[in-house]
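>>> A predicted structure for the sequence below; I have some questions about it.
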Amino acid sequence: MKALVYKGPGEKAWEERPKPTILKPTDALVKVIKTTICGSDLHILKGDVPEVISGRVLGHEGVGIVEETGSAVSNFKKGDHVMISCITSCGKCAYCKKGMYSHCENGGWILGHLIDGTQAEYVRIPFADNSLYGIPEGMDEEALVMLSDILPTGFECGVLNGRVSPGDTVAIVGAGPVGLAALLTAQFYTPAEIIMIDKDDNRLAIAKKFGATRTINSAKLDAKDEIMNLTANKGVDCAIEAVGVPATFELCESIIAPGGHIANIGVHGRSVDLHMETLWSQNITITTRLVDTVTTPMLLKIVQAKKLDPMQLITHRFKLSEIIKAYDVFAHADKEKALKVIMTCD
Ligand code: ZN
Ligand code: ZN
């Protein structure tokens, strides 16, 4: 089969690899129909995720068709259409029992990270019963690729941890796919204001279409001053960080209202200053989380009921064999006006 293989920092290749096989009774082998590229894949390619070894097949999102199942898999059979969760979970360990699948002692984020991933013609999925989701008849499979990672990530790490509530003023820092996923799912709770902050006017225009009540271009304006002006110097009830650099997290610290919640989503590669000299008395919470995908079944129902349209996040489409081109487009997202790129098997 063909696969997108990480070759060490800055290097990747679309090359021939042996088709994966069932290794454990709980495994399923899935033929990948559609997959996508995540910001984390770019982090890996930059060399920011050193545990990813050269030779690893990348990718942790996608939909496919079950090709073969191990003897212990009971929820799925050959021919079933499935959505692949970015988080692999055994369902049996202490963390899984708490619903903290991201820290599963036997799984977690392993696809395209510690084991071969979904940017390939076939992928082996461990603990298939708990890590795959059946696709109901007639559902759009492209939309479902957005449920592998970005929708539950924006919702769980941003909206739920940020305790977005009716009437709240919410700021989302970063209008990339995950920030936009937080914007879409924050609206389940009817906040009064959602202020989107980014440096890219195109993404801010999309945020407006997706329901942002205001946008701030932080390359042109001082985002802190703007937020304080908009909120009568109070700040926001919820600040969602969806970038992962010190400046954006510190912006969240500087705009949070008393009693507010800072919810981090961004993948941070460097330490960040925590301004306890101003925050100690402010009754705020700061949360961190790796997506657990515990809300995936709920999000699936909302998408199925057409109350949420994740197709809006898809801007580019390629054949799976054109994945190198797709990476080029995704890596230059601002120039290409790209959000999520979808690759479909040839
Ligand atoms: Zn991801
Ligand atoms: Zn587990």
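Ah, there it is. Ligands and ions are numbered 1, 2, ... in the order given.
>>> And for Asn283, the neighbour number?
10 (other Cβ atoms under 10 Å). C-betas here are computed from N, CA, C, even on glycine.
>>> swap in Gly244?
21.
>>> Then the one 5 residues further on?
Other residues near Phe249 number 22, with proximity taken as other Cβ under 10 Å.
>>> what's the spacing between the residue of the stretch 201-346 of the chain found nearest ligand 2 and ligand 1?
Ranked by Cβ to the ion, the top residue of the stretch 201-346 of the chain for proximity to ligand 2 is Asp292, at 10.9 Å. Distance, Asp292 to ligand 1, by Cβ to the ion, to the nearest Å: 14 Å.
>>> was I right about that residue contacting Lys98?
No: the criterion here is Cβ atoms under 8 Å, and Asp292 misses it with Lys98 at 9.2 Å.
>>> Of those two, which one has the most company?
Between Asp292 and Lys98, counted using other Cβ under 10 Å, the more crowded position is Asp292 (25 against 11).
>>> what's around the residue in the stretch 101-250 of the chain that ligand 1 sits nearest to, how many residues?
Closest residue of the stretch 101-250 of the chain to ligand 1, Cβ to the ion: Asp149 (4.0 Å). Residues near Asp149, counting by other Cβ under 10 Å, number 29.
>>> What of Thr293?
Neighbours around Thr293, by other Cβ under 10 Å: 26.
>>> on that earlier part again, what touches both of Asp292 and Lys98?
Common contact partners of Asp292 and Lys98 (Cβ atoms under 8 Å, 6 or more residues apart in numbering): none.
>>> Quick one: residues contacting the residue in the chain positioned nearest to ligand 1.
Nearest residue of the chain to ligand 1 (Cβ to the ion) works out as Cys38 at 3.1 Å. Residues in contact with Cys38 (Cβ under 8 Å, 6+ apart) are 59-61, 86, 149-150.
>>> let's see it at 10 Å
Contacts for Cys38 (Cβ atoms under 10 Å, 6 or more residues apart in numbering) come out as 44, 58-61, 86, 112, 117, 119, 148-150, 153, 177-178, 330, 340.
>>> How about Lys307?
Taking Cβ under 10 Å, 6+ apart as the criterion, Lys307 is in contact with 187-188, 301.
>>> quick one: which of the residues you listed has the most company?
Highest neighbour count within those: Gln187, with 18 neighbours (other Cβ under 10 Å).
>>> got the phi/psi numbers for the closest residue to it other than its chain neighbours?
Counting by Cβ to Cβ, 6 or more residues apart in numbering, Gln187 lies nearest to Gly211, which is 5.3 Å off, once chain neighbours are set aside. Torsion angles at Gly211 (phi, psi; degrees, to the nearest 10) stand at phi 120, psi 0.
>>> same thing with Gly99?
Dihedral angles (degrees, to the nearest 10) for Gly99: phi 80, psi 10.
>>> pretty sure it is in contact with Asp292, am I right?
Yes: with contacts counted by Cβ atoms under 10 Å, Gly99 reaches Asp292, the gap being 6.2 Å.
>>> overlap in contacts of the two?
Listed as contacting both Gly99 and Asp292 by Cβ under 10 Å, 6+ apart are Ser89.
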